[in-house]
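1. Here is a sequence together with a model predicted from it:
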Amino acid sequence: MVDHLEGIKIRIAEAIKHTFQHDVHHADIVLQQTKKEFMGDYTLVVFPFTRLFRDKSESIAEKIGLYLKSHAELVADYNVVKGFLNLTIEHSFWINRLQLLRTIEHYGQLDAKEGKVLIEFSSPNTNKPLHLGHIRNILLGWSTSKILKSAGYDVMNSQIINDRGIAICKSMLAWQLYGNNDTPQSSDIKGDHFVGKYYIEFESRFKQEYAKWQNSEEGIRTYSKDRKSEQDEASFFKAHKNQYFNNNSQLGAKAKEMLLKWEAEDEEIRKMWMQMNGWVYDGFDQTYDALGVSFDKLYYESETYLLGKDLIAQGLTFDDFYRKDDSSVWVDLTDQGLDEKILLRSDGTSVYMTQDLGTAHKRYEDTGATKMIYVVADEQDYHFKVLFEIMKKLGAPYADGLFHLSYGMVDLPSGRMKSREGTVVDADDLIAEVIGAVRTATQERGELVDLSDDQRQEIYRKIGLSALKYFILKVNPKKRMIFNPEESVDMQGQTGPYIQNAYVRIQSIKRRIEHEAIADISQYQLLDPAEIELVKLLIDYEQQIDQAAKEYDPSGIANYAYELAKKFHKFYHDVRVIKAESTAAQAFRLMLLDMVAIVLSHSMDLLGIEMPERM
RNA sequence: GGUUCCGUAGCUCAGCUGGAUAGAGCAACUGACUUCUAAUCAGUAGGUCCCAGGUUCGAAUCCUGGCGGAAUCACCA
């Protein structure tokens, strides 16, 4: 990664050395973009120097500025406002930079870095289809993975599929009881939706059963016996639901029996389980495909849920791990401001944490990854703090490379998504809707009429997904976000389609220019402000990637891509390319547009967004 | 109650390790298409950066304490 401003910084360090006899390393000098209400390109803030140089800020700025103007060929002019030294850079600098960028083979691909990274995202349960919450997770995971690759890491995408447990047994049971041997094929329903249908079926049958029980003798007796004072009937039965499921429910008993049979590897149950999960995977694959994401390594909970016990056995030889009288195993994390945490139940069975410890270790053994990123919603912040802390106590070699990419929940304008109230936004529906909205909008505009139907569909798909993905990724991950379905299909303003439109406009210009640009670009001297703005952004790109990778935050890239598109649209409005005033100007602009298109496309690719050639 | 996260324009969001008069988009209003695609551009209006202290030449940003919202604090996953 080159620091394009290094030349200027070296001169500033030199100016300081010469004028104030102080050694400042040029890499420590921070230049910021000059605010647009002032004259200049970059600004040096000199306030920090006042004490060091025993001089007034204006005077320091003036002296450095004067030195630069006479000694630094890149600095065309300067002005001082209070403690701010604003530097105007020679136009030749921008031309040089652009030419340099154009020679870089894969601009945006940073130097290879040490260490293998494994990133886990999506990680669904197999009892129902993916929804909007998964979409945020998947987009964040995919984009972060892309960004890390671009920053030079060797990255593997992974997910752990929660394919076992009581939830899938509910779906299986309902299918067994009420399914009439239907299949996704026979009923023409996508596999994951098909299985989800039976999960809902179970829940609704269970609800009926429970309601009936509440009015039975036993139900009434339980209520009057176990209710807390001032607890009304509705809230009592709401709280009692789990207990009912475990102790009284016939459906509950059957589901639990099925789970036990599954654990005992009952042949018939395992067969049904494989069949139903197979349907779900077919469905998931379609959704992943539609979103344009893929995984390198899959883990299944059914294969990992027993892991971790060995690690805990080892842990018992360390401080802070101990066995209680009832033979349950605990770890004491109070020295880290956390609690004591159970790792093995008194009957020797494992808990969620046990499994996660084991899985992390297995992944390290499988892949050698020393950085592992978990893309999981912020409701599990505490869990991961504890997990990572235990790993440290166990002395795992990858313990310092563990990172929880915690993100906020997705709310609807009406509030939280609730499956019980049917407000969950289905992933497949959403994808179909955004593409449909684009189709309608494009047809209204009357564009693309000369293309084949297939070509048009492909463009609708790219635009629709860009609207959806950009809408989600532009928000800082750790913030809870409000997803407004209407705004998510907006195509104007700060949106994916706006950025795509910039790219499309460039392609359109290039299609209209037949000849190769042969003119000497350095003959072009009087750059338009819009052109300078573009070069400034372009030379900043790798810095943006580096930062996004350090912070595991795609929103920075999303905002950058928007800024670049915005500056381009301004350029497009202000400056002619095809009817440029000179051949040198045109050659410069074509080179500039090539770079802008490359960076727009690359940055959007980091977000998992494809560019259409027309729209 | 403990811990963590969030609080910026009517709405959705930027604001990098502290820097100039806090920025975008949407919505509202006004202009610009015989011009390289108007999914665009230019402009108007819109602010107690939750509140109060503190650190600093300088605080939306850092610290402390409040207020409001969310999550979590299971021998659930």
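-> That came through fine. Remember, it's a predicted structure, so these values are computed and weren't measured experimentally.

2. what helix or strand is the residue of chain A at minimum distance from RNA strand B on?
-> Residue of chain A nearest RNA strand B, by Cβ to the nearest atom of the strand: residue A:493 (2.0 Å). Using the backbone N, CA and C atoms, a C-beta is placed for each residue, glycine as well. Residue A:493 belongs to no helix or strand when assigned by DSSP states H and E.

3. ditto for the one 5 residues further on
-> For residue A:498, the element it lies in under DSSP H and E is helix A:496-512.

4. Whether that helix contacts RNA strand B - can you check?
-> Yes - against RNA strand B, helix A:496-512 shows contacts by Cβ under 7 Å from any atom of the strand at A:497-498, A:501, A:504-505, A:508-509, A:512.

5. Ramachandran coordinates for the residue of chain A closest to RNA strand B?
-> In terms of degrees, to the nearest 10, the main-chain angles of residue A:493 are phi 80, psi -150.

6. So what touches the helix or strand of chain A with the lowest mean pLDDT?
-> Scoring the helices and strands of chain A by mean pLDDT, DSSP states H and E places helix A:233-239 at the bottom, with a mean of 81. Applying Cβ atoms under 8 Å, 6 or more residues apart in numbering, the contact partners of helix A:233-239 are A:210, A:214, A:223, A:226-228, A:231.

7. from the chain's centre, how far out does that helix sit?
-> 39 Å (Cα atoms, centre = their mean, to the nearest Å).

8. tell me the secondary structure for the closest residue to residue A:90 other than its chain neighbours?
-> Distance criterion Cβ to Cβ, 6 or more residues apart in numbering; nearest residue to residue A:90, sequence neighbours excluded, is residue A:76 at 4.7 Å. Secondary structure for residue A:76, judged by DSSP: H, G, I helix; E, B strand; the rest coil, is strand.

9. Residue A:76: what's it in contact with?
-> A:69, A:88-91.

10. Are stretch A:458-476 and RNA strand B in contact anywhere?
-> Yes - for a cut-off given as Cβ under 7 Å from any atom of the strand, stretch A:458-476 has contacts with RNA strand B, namely A:463, A:474-476.

11. Pull out the buried residues from that stretch.
-> Within stretch A:458-476, the residues scored as buried using 16 or more other Cβ atoms under 10 Å are A:459-476.

12. Take the contacts of helix A:233-239 and keep only those in helices.
-> Here DSSP state H is the test, and the contacts of helix A:233-239 give A:210, A:214, A:223, A:226 as lying in helices.

13. of these, buried ones?
-> Applying 16+ other Cβ under 10 Å to the ones in helices among the contacts of helix A:233-239 flags A:210, A:214 as buried.

14. Save the ones in helices among the contacts of helix A:233-239 as a markdown table, and put in distance to residue A:453 and pLDDT too.
-> Shown next, in a markdown table, are the ones in helices among the contacts of helix A:233-239 (distance: Cβ to Cβ, whole Å; pLDDT from 0 to 100):
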| residue | distance to residue A:453 | pLDDT |
| --- | --- | --- |
| A:210 | 51 | 92 |
| A:214 | 56 | 90 |
| A:223 | 62 | 86 |
| A:226 | 64 | 82 |
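
15. Pull the most distant pair out of the ones in helices among the contacts of helix A:233-239.
-> Farthest-apart pair in these is A:210 and A:226; separation 15.2 Å (Cβ to Cβ).

16. distance between the ends of stretch A:40-58?
-> 16 Å (Cα to Cα, to the nearest Å).

17. Could you pull out the buried residues of that stretch?
-> A:40-44, A:46, A:49, A:53, A:55, A:57-58.

18. ok, and of those residues, which contact RNA strand B?
-> Within the buried residues of stretch A:40-58, those near RNA strand B by Cβ under 7 Å from any atom of the strand are A:40, A:43.

19. What about the buried residues of stretch A:40-58, which are in helices?
-> Within these, residues falling in helices by DSSP H are A:49, A:53, A:57-58.

20. tell me which of those is nearest to residue A:29?
-> residue A:49 (10.7 Å).

21. Could you find the closest non-adjacent residue to the closest one?
-> Residue A:49 sits nearest to residue A:60 (Cβ to Cβ, 6+ apart), 5.3 Å away.
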